[in-house]
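A.B. asks: Here is a sequence with its predicted model. Questions after.
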Amino acid sequence: MLAATGHAVPKRAFTNADFASIGVETSDEWIRERTGIGQRYVAGDGENLTTICTEAARIALQRAGVTAAELDAIILGTASPDRLLPATAVEVQAALGATRAVAFDIDAACSGWLYGIQVAEGLMATGGYETILVIGGEVLSRIINWKDRNTCVLFGDGAGATVVKRSTKGRGVLSAYMRSDGTLADLLQRPKGAGSHPMDAQVLAEGSHFITMAGREVFKNAVRSMADAADRALDGAKLSASDIDLLIPHQANIRIIEATAKHAGIPMEKVYVNVDRFGNTSAASIPIALSEAQEQGLIKDGMHVMFVAFGAGFTWGSMVVRF
Ligand SMILES: CC(C)(COP(=O)(O)OP(=O)(O)OC[C@H]1O[C@@H](n2cnc3c(N)ncnc32)[C@H](O)[C@@H]1OP(=O)(O)O)[C@@H](O)C(=O)NCCC(=O)NCCS
């Protein structure tokens, strides 16, 4: 059961117009037309993945009426950890004072929160865990190449955190689906700067430690995989599209969101969209959207919400949750 969700973003909003100030040749019109993005948040001095995730976590804990000391586990989905070692989840654990919790990261890129919820459900079913914090958080601004207009306009920073408890009274996860395909790993990656090619002067000079993406290929795969995931979610829950009260898809691009909704047979009025204000925040995108939807009172008890994610790997997946 998703007991409560909170979200946090850095202070600075960076608009499409702001790219001119850093010499990136693009335009508000191009970015909006191709992606639907109008602005994104970018971490500044004193802000990092730990601080943003901790802020989101505190809001979720407070909304759930749970203390940090009650947490049995903290699972952080991220592709942009504060350090390569150790996991950022343990830094969040320390910041929260979640002394009893086991804490670890999941790297499933944009599917990180969705994978995290499904791992949490598994721990509850088999490991005796009662209360788990699942966070999707990213500081992508630190791993994108701000000189590459193909990628730098797309991504943003932020975190969403969800307190997960055991399901009760027919509330909880009705269907869950996770997939990955490593044969397509090269299409969206950080090519160098880690184990297979450690950081050196050449990597720094060519910027191959930053995210690179074959945009059109990623787009096609995202549309195909999210359509598959939406079908699986409905089949698994034995529901039809008309039973879904709200679709919260990964917020990468408005055209991918529209294609997913169309395939699933869910009208856009029932689709939560905030990519215009946050950009693609990868693992954070779904929990930020869920947190906003709940703040706006869009999710009432008994409603069916469908989540669909897709990201680097490729990874993808879906869930239907009854609130
Ligand atoms: C990246 C993406 C928006 C590009 O849109 P597109 O319609 O495929 O655009 P194209 O690749 O055809 O590029 C068209 C032109 O725009 C240019 N362009 C790229 N980025 C630009 C930008 N920010 N501003 C202006 N022009 C840009 C390209 O250089 C290209 O110019 P060229 O034809 O002279 O080489 C689109 O492919 C996409 O959304 N892909 C999926 C990305 C994604 O969501 N990734 C994360 C998944 S979790």
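C.D. replies: Done, it's in.
A.B. asks: Ramachandran angles for Ala261?
C.D. replies: Ala261 adopts backbone torsions of phi -60, psi -40, taken as degrees, to the nearest 10.
A.B. asks: pLDDT score for it?
C.D. replies: The score at Ala261 is 97. That number is its pLDDT.
A.B. asks: mind checking how far it is from Val271?
C.D. replies: Separation of Ala261 from Val271 (C-beta to C-beta, to the nearest Å): 5 Å. For every residue, glycine as well, the C-beta is placed using N, CA and C.
A.B. asks: And the residue nearest the centre of the chain, what's its pLDDT?
C.D. replies: Residue closest to the mean C-alpha point of the chain, counted by C-alpha atoms, centre = their mean, is Ala283 at 2.0 Å. Listed pLDDT for Ala283 reads 98.
A.B. asks: Show me what the longest helix seen in the chain is packed against.
C.D. replies: Identified as the longest helix of the chain according to DSSP state H is helix 215-237. Packing contacts for helix 215-237, counted by 3 or more C-beta pairs under 8 Å, 6 or more residues apart in numbering; DSSP states H and E, involve strand 172-180, helix 254-264, strand 304-311, strand 315-322.
A.B. asks: That one: which residues count as buried?
C.D. replies: Residues of helix 215-237 classed as buried: 218-219, 221-223, 225-230, 232-234, 236-237 (neighbour count, 16 or more other C-beta atoms under 10 Å).
A.B. asks: Test my guess that Met322 contacts Lys169.
C.D. replies: In this structure residue 322 is Arg, not Met. No - at 9.6 Å, Arg322 does not count as touching Lys169 under the criterion of C-beta atoms under 8 Å.
A.B. asks: what about those two, which has more around it?
C.D. replies: Counted by other C-beta atoms under 10 Å, Arg322 and Lys169 do not tie: Arg322 has more neighbours, with 19 against 8.
A.B. asks: is that one in a bridge, and if so with what?
C.D. replies: Using DSSP bridges, the beta-bridge partners of Arg322 come out as Gly172, His304.
A.B. asks: ok now do it, which residues does it touch?
C.D. replies: By C-beta atoms under 8 Å, 6 or more residues apart in numbering, Arg322 lies in contact with Gly170, Arg171, Gly172, Leu174, Gly302, Met303, His304.
A.B. asks: Quick check on the residue in the chain sticking out farthest from the centre: phi, psi?
C.D. replies: In the chain, the residue that sits farthest from the middle, by C-alpha atoms, centre = their mean, is Ala201; the gap is 32.0 Å. Here is the backbone geometry of Ala201 (degrees, to the nearest 10): phi -60, psi -40.
A.B. asks: ok, which stretches of the chain are strands?
C.D. replies: Per DSSP state E, the chain carries strands over the ranges 2-8, 12-15, 39-42, 73-77, 102-106, 131-139, 157-165, 172-180, 188-189, 212-213, 246-249, 304-311, 315-322.
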